[in-house]
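build me a structure from this.
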Amino acid sequence: MEVKIIAEKQNPMLKRREVDFRIEHGQTGGTPRRLEVRKALAAALKLDENVVFVKKFETKTGTSTANGVAHVYDTVDQAKLIEPEYIIKRNIPPEKPKEEVKK
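Okay, the predicted model is just below:
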């Protein structure tokens, strides 16, 4: 999966960067999961993935190219104040079920 940053805009009012990106995902077979995209984007930006929130991304029909938008915040607390809760939930890995204690 290859990540290209198309445009990057600083938003000082909300203390974040708004990043437009393109992902070539021919070798993965299908559209990658949001968490994989988030990790790859954080690696491309050389940041901690906890401050990167993928807002949206979609694959163009018939291609192996996806375009998307992500918000990169200064801190996780700032992100929790601004981003809608459903976006935060989409960007958090699902919790593993707790194992039951055997008696």
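
in what helix or strand does Ile87 lie?
Remark: Ile87 resides in helix 85-90, with elements defined by DSSP states H and E.

list the helices and strands that helix packs on?
strand 52-59 (3 or more C-beta pairs under 8 Å, 6 or more residues apart in numbering; DSSP states H and E). Heads up, the C-betas are built off the backbone N, CA and C, glycines and all.

buried set for the very next helix or strand once past the strand it packs on?
For strand 52-59, the following helix or strand on the C-terminal side (DSSP H and E) is strand 65-73. Neighbour counts over strand 65-73 (16 or more other C-beta atoms under 10 Å) mark 66, 68, 70-73 as buried.

of the residues you listed, just say which sits nearest to Lys56.
Lys56 lies nearest to Gly68 out of the buried residues of strand 65-73, by C-beta to C-beta, at 5.9 Å.

quick check, pLDDT for that closest one.
At Gly68, the pLDDT value in this model is 94.

partners of it in the sheet?
Under DSSP bridges, the beta-bridge partners of Gly68 are Phe21, Phe57.

do I have it right that it meets Asp20?
Yes: shown here, Gly68 and Asp20 form a contact pair, counting by C-beta atoms under 8 Å, at 7.5 Å.

quick one: low-confidence residue ranges for the chain.
Across the chain, residues meeting the criterion (pLDDT under 70) sit at 96-103.

need the longest helix for it.
helix 34-45 (DSSP state H).

packing partners for that one?
With contacts taken as 3+ C-beta pairs under 8 Å, 6+ apart, helix 34-45 sits against strand 2-11, strand 16-24, strand 52-59, strand 65-73.
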